[in-house]
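**Student:** have a look at this fold, sequence not included:
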């Protein structure tokens, strides 16, 4: 599926979802970095962790809403590009959506498997599974630890590079399709 010569852009709601999630991801990375440099057992460290959990739950909810919106309002056609590029774009978006769903789930599992409540802006989200050390270890290694963090950085970097490539190398207005101006 290719785009005609008519310039098509994403709607304002799709753009709002995209940029809100991007800003929240930045907040997640910053809150985690701040938590890691804060002394253990301090209230400040717990504040950063609670903010991180809250933003993660928000990303999860917004991603679900974004996917639902995309089903209701299909995006514009893919840009006219080689088949490998369109396939890479489809795969990249699928992986980003999966990551923004699975990473918050695994983050919740890390907390819940210690039989602790997660925090959503001051509201406790109870553990639904209780103490489960094996689930905690699995989530820490495979879903909410350094490996997934590096994979997430790589996905985001590829996404940004692809947008810049479309905008400034191919000059097909790929980036402008997601900007409100």
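**Tutor:** Okay, I see it. Quick caveat, the model's predicted, so the values are computed rather than measured.
**Student:** tell me the buried residues in whichever strand or helix holds residue 153?
**Tutor:** Element membership of residue 153, judged by DSSP states H and E, is helix 146-164. Neighbour counts over helix 146-164 (16 or more other CB atoms under 10 Å) mark 148, 152, 155-156, 159, 162 as buried. From N, CA and C alone the C-beta is placed, and that goes for glycine too.
**Student:** in CSV, list those along with pLDDT and distance to residue 57.
**Tutor:** Compiled in CSV, those are given as follows (pLDDT from 0 to 100; distance: CB to CB, whole Å):
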residue, pLDDT, distance to residue 57
148, 92, 17
152, 94, 17
155, 97, 20
156, 97, 20
159, 96, 22
162, 93, 28
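**Student:** among these, which one sits closest to residue 81?
**Tutor:** residue 162 (10.0 Å; CB to CB).
**Student:** can you tell me how far the closest one is from residue 15?
**Tutor:** For residue 162, the distance to residue 15 equals 17 Å [CB to CB, to the nearest Å].
**Student:** point out where this protein drops to low pLDDT.
**Tutor:** Within the chain, the stretches with pLDDT under 70 are 1-7.
**Student:** how does it look with 90?
**Tutor:** Applying pLDDT under 90 to the chain flags residues 1-8, 77-82, 85, 143, 145, 172-176, 180-181.
**Student:** helices along that one, start to end?
**Tutor:** Along the chain, counting by DSSP state H, helices occupy 12-37, 43-72, 83-112, 133-138, 146-164.
**Student:** give the buried residues for the fourth one.
**Tutor:** Going back to what we said before, that points to helix 133-138. So for helix 133-138, counting by 16+ other CB under 10 Å, buried means 135-136, 138.
**Student:** tell me the helices and strands packed up against the helix holding residue 153.
**Tutor:** In this structure, helix 146-164 makes packing contacts with helix 83-112, judged by 3 or more CB pairs under 8 Å, 6 or more residues apart in numbering; DSSP states H and E.
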